[in-house]
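Visitor: Using only what follows, build the 3D model:
(chains A, B and C)
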Amino acid sequence: MLNLETLKDELNPQQFKAVTTTEGAILIIAGAGSGKTRVITFRIAHMLDKGIPQSQILALTFTNKAAKEMADRIKSLTQKKLQNLTVSTFHAFGVKVLRADIDKLGYRDNFSIYDETDRVSLIKECGRELKFSPEAMDIYMIGNLISNIKTGRKNWDSSNDMYRPLYESYQEGLKLFNAVDFDDLIVLPIKLFKEHPEVLAKYRERYKYIMVDEFQDTSHQQYEFMHLLADKNVAVVGDDDQSIYSWRGADYQNIINFEHDFDVTEIRLEQNYRSTGTILEAANGVISHNTNRKDKKLWSGNGAGKPIEIFMPEDETDEADFIAESILGIACEEKRKYDEFGVLMRSNSQGRFIEEAFLQNNIPYTMSGGTSFFERKEIKDVISYLRVIANHDDEINLIRIINCPRRGIGRAAIQLLNDEANLQGCSMWNAMISLVQRQDSPASETVKEDFSDFMKIIEEHRQKILTGRGLSQKIRQLIEDINYKDHLLTEYSKNEKAVRFKMKNIESLLNSIEVWENDPDNDNPNIFNYLNRITLMSRDNDDENDKGKVNLMTIHASKGLEFPVVFIAGAEEGLIPHARSVEENNGDVEEERRLFYVAITRARDKLFISSCRKRRHMQMVSEIEPSRFLDEIPANLVEYHEPKTVTIEETGKMFGDFLQQLKSQM
DNA sequence: CGTCTCCAGGTTTTT
DNA sequence: CCTGGAGACG
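Guide: Presented below is the predicted three-dimensional model:
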């Protein structure tokens, strides 16, 4: 069905070459909109057609969204079941490797994965224990430092040496709690492969064909991981102009490493099938200001299309209204569905205003990112219970729930546990057992009883949840048994709406678990697999019911996606390029420019950009300048909409509104 | 000793 | 707006 003739018809010569070169190492430099995803999916389908077994193919991506999309597209192209094909993010693949052999590194296979919040708690706890002064506990900086040290991006020196004990205590903590952090998901498999060549051999034996998408975003560790696994058939696909993750260790110099380490055939895809000539020219105009890049020029066979429109709303509320109204207008005039619109922003915090405008105008939307569902307190509470049930030694989550709902275990009791754990050199859970059972236990009878009750609840549900099916039902029972609803009612006694909202969230968590465990493609719906999955999936709630909704997201999250109509909100100095980024990189804005480039190239037909004249930032309203990148778009492609000057009548009306507002507040 | 209440503070992007 | 921490209170 995918014979060479059809492929030749469907693809341009470069694409054809990329799809049919299945042996050896190839580097595909794929400009924005050049049909990259198509090439990848066709390539895998072609390999399967040639008779290469699914099990020999490993495709690595960076986001779950990308992995899912790739799997879906291969599925619909080949009409085959893909049970043995591995399409996964680097991190998820790391989890898989660790789940099989982490015992060789001295962990148990029910390890917990710590997300950012867990990690912060652990760092704080270590700092407290080591008596670091509060001023020295710059959690953000320490978190980065730990990550940089762990991944070899930084070494100890006189400026950071004081945090060495903290780092060691952090690492010991993870080990004691049988937990790993995100960095470990890449670093530990590498360690495992190096110390246990027989484990590596197993994977090298199995995977004969490896493919890496968004290669420009690989970190050194991810490259090493891939390099260890790869034999000779490796295809990497990337675009240095779209490298936007250097802050988390991505280094597009890996493209050069790759050319050095393998015998590489390079293929360039430079024809853009996505955007109008105008949009593409604008993108080229912007990115050409970067000096450090592989020179290339994307071209398009599509017509010029409509000009890019730039608006200058007064403030973020104005901007949000403008976007909402424009969407309503265009949807009606051009008969576009809501899911044809993408609204892109630099930071999650911008989303609030736009969301509000959408709600007011009854525009259905989905937002990926923001306060993620799994970061909501009520959801974290439930998940913490599950984590402790899965892994008794997960101390961070144990502490989180040991007194939630309130069961009389306060600071002093926890201190007692801590001391006991240190004394016995064991985990908190075992310390709890010890305090309850030991003859000369320092714990009072009431405290003992509180501990016992808590352990009983966990144990009882552990028995149920670890065996058999029907996960969601059992978790529902757990939530009832701990009286979580009553807990919420007392905790938020003034705010009944909040309680209902939170219970609704829990309900939708339970629903999603039910959907997951009943998915026929899911061959092993146990609690461990569920927990691993959701930690890595903190953001995209990729649901079928996202269809027909406007897509609101950060520019980072939009990579790899495209929309017929795109709005870029907040194209202002300080936001893009972000003030923080400018500061950290000593004025180098090349990565921010790439980010802006990514944003522009998401658009197919029509691009709107808005730049507010004022923006509220931490209570303060300040005047701001339009982004310097706007001037880099060739002027002939742009239609500027100057803000209308405020007339006397309007000033009068505004004053009236202001009075009205004052009155309503009194 | 545990809980309740009030107050300050809040970093860009994500696995 | 919401969360976490410090201190008062029971």
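
Visitor: which bits of chain A sit near DNA strand C?
Guide: For chain A, the residues in contact with DNA strand C under the definition CB under 7 Å from any atom of the strand are A:Lys124, A:Pro134, A:Arg376, A:Lys377. C-beta: built from backbone N, CA, C; applies to glycine.

Visitor: I'd like those residues laid out as TSV, including secondary structure, pLDDT and neighbour count.
Guide: Rendered in TSV, the data for these read as follows (DSSP: H, G, I helix; E, B strand; the rest coil; pLDDT from 0 to 100; neighbours: other CB atoms under 10 Å):
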residue	secondary structure	pLDDT	neighbour count
A:Lys124	helix	85	14
A:Pro134	helix	72	8
A:Arg376	coil	80	16
A:Lys377	helix	83	13
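
Visitor: Taking the stretch 1-150 of chain A, what residue is nearest to DNA strand C?
Guide: A:Lys124 (5.9 Å; CB to the nearest atom of the strand).

Visitor: got the contact list for the helix or strand hosting A:Gln171?
Guide: Per DSSP states H and E: A:Gln171 is located in helix A:164-176. Counting by CB atoms under 8 Å, 6 or more residues apart in numbering, helix A:164-176 makes contact with A:106-107, A:114, A:122-123, A:125-127, A:129-130, A:132, A:142, A:145-146, A:149, A:156, A:180-181, A:184, A:393, A:395, A:427, all of which sit outside it.

Visitor: Quick check: buried residues in it?
Guide: Within helix A:164-176, the residues scored as buried using 16 or more other CB atoms under 10 Å are A:Leu166, A:Tyr167, A:Ser169, A:Tyr170, A:Gln171, A:Gly173, A:Leu174.

Visitor: With pLDDT and distance to A:Pro442 as new columns, can those be given to me in TSV?
Guide: Below are the buried residues of helix A:164-176 laid out as TSV (pLDDT from 0 to 100; distance: CB to CB, whole Å):
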residue	pLDDT	distance to A:Pro442
A:Leu166	88	28
A:Tyr167	91	32
A:Ser169	88	24
A:Tyr170	90	28
A:Gln171	90	29
A:Gly173	86	23
A:Leu174	89	28
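
Visitor: circling back: can you give me the distance of the residue of the stretch 1-150 of chain A closest to DNA strand C to A:Asn178?
Guide: Look at A:Lys124 and A:Asn178: by CB to CB, to the nearest Å, they are 20 Å apart.

Visitor: Over to A:Gly305?
Guide: Relative to A:Asn178, and taking CB to CB, A:Gly305 is found at 56 Å.

Visitor: re earlier: determine how far the helix holding A:Gln171 lies from the middle of the whole chain.
Guide: For helix A:164-176, the distance from its own C-alpha centre to the chain's C-alpha centre is 25 Å (CA atoms, centre = their mean, to the nearest Å).

Visitor: next helix or strand past that helix?
Guide: Past helix A:164-176, heading to the C-terminal end, the next element that is a helix or strand (DSSP H and E) is strand A:179-181.

Visitor: relative orientation of the helix or strand following that next one and helix A:164-176 in degrees?
Guide: The element immediately downstream of strand A:179-181 (helix or strand, assigned by DSSP H and E) is helix A:184-195. Angle between the axes of helix A:184-195 and helix A:164-176 is 80 degrees (criterion: axes from the mean of the first three to the mean of the last three CA atoms, to 10 degrees).

Visitor: Just list what helix A:184-195 packs against, helices and strands only.
Guide: The contact analysis (3 or more CB pairs under 8 Å, 6 or more residues apart in numbering; DSSP states H and E) places helix A:184-195 against helix A:90-101, helix A:197-206, helix A:220-229.

Visitor: Columns mean pLDDT on top of the ones you listed, output as TSV?
Guide: Converted to TSV, those look like this (pLDDT from 0 to 100):
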stretch	mean pLDDT
helix A:90-101	93
helix A:197-206	94
helix A:220-229	94
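
Visitor: Can you lay out those as JSON lines showing distance to DNA strand B?
Guide: What follows is the helices and strands packed on helix A:184-195, written out as JSON lines (distance: least, CB to the nearest atom of the strand, whole Å):
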{"stretch": "helix A:90-101", "distance to DNA strand B": "3"}
{"stretch": "helix A:197-206", "distance to DNA strand B": "19"}
{"stretch": "helix A:220-229", "distance to DNA strand B": "10"}
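
Visitor: Redo these as a markdown table? Include mean neighbour count.
Guide: Converted to a markdown table, those look like this (neighbours: other CB atoms under 10 Å):
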| stretch | mean neighbour count |
| --- | --- |
| helix A:90-101 | 20 |
| helix A:197-206 | 14 |
| helix A:220-229 | 20 |
